[in-house]
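coordinates only, sequence not included:
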């Protein structure tokens, strides 16, 4: 068993689910508060996105660590991670892909097939 010291290091809570963050803090003699969640004691599967004080900071035992589950306005967030740009125009012919190892081998055949014999 570890000796009880008057100061403890704040664990990294960002990325943990609420239930795991509470347990990690409790194991170090800290309590958690969530300013954006009045029902924090019921929160289980939401993930911590910010914390204060930062991980590794020395604080007195029985201190509170503030955690947030939502990014504040202007603090970022995931946003859309897939391209949403304009799609290519519909219709038209699709280029035939070359066989591996023979660059441009299909070009004359494709041109003949599309345009017909000369």
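Yes, it's here. It should be emphasised that the depicted structure is a prediction, and the values quoted were computed from it without experimental measurement. Residues are numbered from 1 along each chain as shown.

C-alpha only now, for contacts and for neighbours.
Will do.

who does the longest strand seen in the chain touch, helix- and strand-wise?
Identified as the longest strand of the chain according to DSSP state E is strand 64-68. Here strand 64-68 is seen to pack against strand 31-33, strand 50-52 when contacts are counted using 3 or more C-alpha pairs under 8 Å, 6 or more residues apart in numbering; DSSP states H and E.

right, and these - which one's nearest residue 12?
strand 50-52 (8.3 Å; C-alpha to C-alpha).

listing partners with orientation, what would you give for that closest one?
strand 64-68 (antiparallel) (DSSP bridges).

what sits up against the partner strand?
For strand 64-68, the external contacting residues (C-alpha atoms under 8 Å, 6 or more residues apart in numbering) are 10, 13, 30-37, 48-53.

likewise for stretch 10-17?
With contacts defined as C-alpha under 8 Å, 6+ apart, stretch 10-17 is touched by 21, 24-25, 28, 44-51, 53-59, 65, 67.

nothing else from me, thank you.
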